[in-house]
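Asker: Following is a predicted model, sequence given first.
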Amino acid sequence: MNNLNIEQLKLTETVGNIYADDAKMSIRNANVYYGDKQAIHDVSLDFAKNQVTALIGPSGCGKSTFLRCLNRMNDTIDICRVTGQLMLDDEDIYAKDLDPVLLRARVGMVFQKPNPFPKSIYDNVAYGARIHGLTNNKAELDEIVETSLQKAGLFNEVKDRLKDPGTGLSGGQQQRLCIARTIAVSPEVILMDEPASALDPIATAIIEELIDELKEKYTIAIVTHSMQQAARVSQHTAYFHMGQLVEMGKTEDIFTRPSHKLTENYITGRFG
Amino acid sequence: MIKTPQTQQETAMPTITEKVTQSLKKRHQKERRFKRIGLFAVLFGFMLVIVLITDITSKALPAFHQHWVKLEIDYNNAWLNVSSTADESLNKANYRKVLKKSVYEMFSSSDKKLNRKAKRQLFKLFSTNAEFTVKDTLIANPEYFNKKTAVWVRLDDDVDSYLKEDFAVGDAGLRISKQQALWLEKLSSEQRIERRFNFSFFTASDSREPELAGIKGALMGTLLTMFVTLLLSFPLGVAGALYLEEFAPKNKLTDLIEININNLAAVPSIVFGLLGLAVIINVFGLPRSAPLVGGIVLTLMTLPTIIIASRAAIKAVPPSLREAALGLGASKMQVTFSHVLPQAMPGIITGAIIGVAQALGETAPLLMIGMVAFIVDVPSSIVDSATVLPVQIFLWADSPERAFLAKTSAAILVLLALLLVINVSATVLRSKFEKK
């Protein structure tokens, strides 16, 4: 049923509403190139403050690439080039005088596969605060570690074994540890790249609940493969297709009455 | 089993199960054959090592013992040619005469005087070092002055070999006369000959006299050289590898550097020795035969090995770890030193040990910088003249004296033991890093 000719549907404009009233990050005409190959075409959208924005789309549509531009993680790839205007509050995040280290302290990231450091649980959470020199003494650091673990809903499970290696936790716990680690630096925005894709349904549910709580304090951008997850956790959804932003809008609108044929196909085709 | 009705077609064609069963037999056979070949290869290698170690050990054993003889020494002041026990006079006294006269006295009787030839042969039974043992005994115990006392001295290496190795008088290669053999028999019947553990093998340096030659000089030389090598090659190698892997831009220049490093690892080691002679000694004027120069030359040799191994270890660190740290706002330096390096450390240590083990057994490059030399003093710093274990083995293997045969094997054992110590400590270090 999906035998649509994609060439025919090649789009020029994004449909829906890309603007937010209270935008934490606003992206205008972003293009990303890997060498000669263009991975992202002219994407513009806003991330609303203290809300969850989900980026969905089929594999290879560029949603992860786009997410990684938001804290300049793509800088580590030599051939990657980004153009356009990417603003965090009123600052251009690709400005020459902006240090990516500072940017990443403000825009944290949680990755697809849980990747705790091979250190103790305590050191995992304390790492960010330590490298940025956020605390003056051990008591303050203890405080940060405890509150971060509490916010990530992990504290009660690990409070007796903070000295144990973080890699010894279960997958879901590891991912929450990574979230706690990110929170410990007190970022303004948290980017999540399919944070639950390597987890079982129960661990996923816990993470989703957590995301819902976290949006009170942080602006969240989440890339996900799961329609239901996007529907459950996000307030805004952006649908990407072949490096282009096809449609963006309120999550309930996208999932109940998508305006673009491609969006509709994607949503219904997978979960009809 | 899948039961299928027997139709015409199916009886003609073998079923899938039959086909699989047929090929399975062959596949299992192949597997078994390969296992046997592998097992044979392992056993063969293991056997060779066992043969090698047993051979060397059996040959080395005699070197760890030597024979001493108890002589009645008469510290006669006339023979000593001094009148008091004052320090300087004891130092100058004629102990050679004391030793000779005492020995002649022991072996001559009133009815039979020793002739000159007999005296010479008799004196040859004892190590050239015996005179100094006699001297040291008196200096340590001045109360023996003008008295007769028993002193233990070393026997000569030829005598030692005769006592250790079931020779018969007159055998080829034996350097003992019938008369000497008779004297030895007399000494041993009087319980004057004793077999002792050869401590001086570990406490003395090289000597022309096999019964006095020890390994300490070469061992110290090796340790000092390895110290310099490790001190230079490890930090340089790791820094080079980290720079190339984590910081350097990927372009033609870094490609060229990589090719050159790989080539450097294959350069014959004597070339590094020539370089050491031409540049380090002749241009920079560092001392000849010194562990410092040896260490620098061996660093050139081990550096490529360490860089290549370290780069492989650094490459193997999962990128997710780097991303995690970068995502938290760690700078490149912080990512490299607090995450990449500790993770890569076990691999880096393995590379460094392989490099150092290689350097440990190297003789050729040291040939050119004068570390192949007869050095009697134990080196105490990295600029003293020194030799190293493999060179010592080479020198001893080249010596004509029979007793050096055992010394050669013993030195090889010491070298192998050192290698073992290095490998074990590396394994311990590795597991320490892996636990973290």
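Answerer: In hand now; what should we look at?
Asker: Nearest spatial neighbour of B:Glu258, chain-adjacent residues omitted?
Answerer: B:Leu244 (7.0 Å; CB to CB, 6 or more residues apart in numbering or on different chains). Backbone N, C-alpha and C define where each C-beta goes, glycine included.
Asker: show me what contacts the one you found?
Answerer: By CB atoms under 8 Å, 6 or more residues apart in numbering or on different chains, the contact list for B:Leu244 reads B:Thr254, B:Ile257, B:Glu258, B:Ile307, B:Arg311.
Asker: what do you get if the cut-off is 7 Å, keeping everything else the same?
Answerer: B:Leu244 is in contact with B:Thr254, B:Glu258, B:Arg311, counting by CB atoms under 7 Å, 6 or more residues apart in numbering or on different chains.
Asker: and of the residues you listed, the nearest to B:Val376?
Answerer: Top of the list for closeness to B:Val376, among the contacts of B:Leu244 and by CB to CB, is B:Arg311 at 43.8 Å.
Asker: Can you pull the phi and psi angles for B:Trp79?
Answerer: Main-chain torsions, B:Trp79, degrees, to the nearest 10: phi -70, psi -40.
Asker: give me the number of residues near it?
Answerer: Close neighbours of B:Trp79, defined as other CB atoms under 10 Å in any protein chain shown, add up to 19.
Asker: same thing with A:Asn71?
Answerer: Neighbour number of A:Asn71 under other CB under 10 Å is 26.
Asker: just the one 4 residues further on next, same as before
Answerer: Using other CB under 10 Å, A:Asp75 is surrounded by 16 other residues.
Asker: So it: helix, strand or coil?
Answerer: Assigned by DSSP: H, G, I helix; E, B strand; the rest coil, the conformation of A:Asp75 is helix.
Asker: give the contact list for it.
Answerer: Residues near A:Asp75 by CB under 7 Å, 6+ apart: A:Pro100.
Asker: quick one: buried residues of the helix or strand of chain A with the lowest mean pLDDT?
Answerer: Least confident element among the helices and strands of chain A, by mean pLDDT, DSSP states H and E: helix A:261-271 (a mean of 76). Buried residues in helix A:261-271, defined by neighbour count with 16 or more other CB atoms under 10 Å in any protein chain shown: A:Leu262, A:Thr263, A:Asn265, A:Tyr266, A:Ile267.
Asker: all strands of the stretch 101-250 of chain B, in order?
Answerer: Remark: strands assigned in the stretch 101-250 of chain B by DSSP state E, counting those that start in this stretch are B:148-154, B:193-197.
Asker: Which among these is found nearest to chain A?
Answerer: For these, proximity to chain A was assessed by CB to the nearest CB; strand B:193-197 is nearest, at 48.9 Å.
Asker: How about the closest one, which residues are buried there?
Answerer: Applying a neighbour-count criterion of 16+ other CB under 10 Å, the buried positions in strand B:193-197 are B:Ile193.
Asker: ok, now stretch B:45-60?
Answerer: Within stretch B:45-60, the residues scored as buried using 16+ other CB under 10 Å are B:Ile56, B:Lys59, B:Ala60.
Asker: before we move on, the earlier item: quick one: list the elements packing against the least confident helix or strand of chain A.
Answerer: helix A:227-233, strand A:236-241, strand A:244-250 (3 or more CB pairs under 7 Å, 6 or more residues apart in numbering or on different chains; DSSP states H and E).
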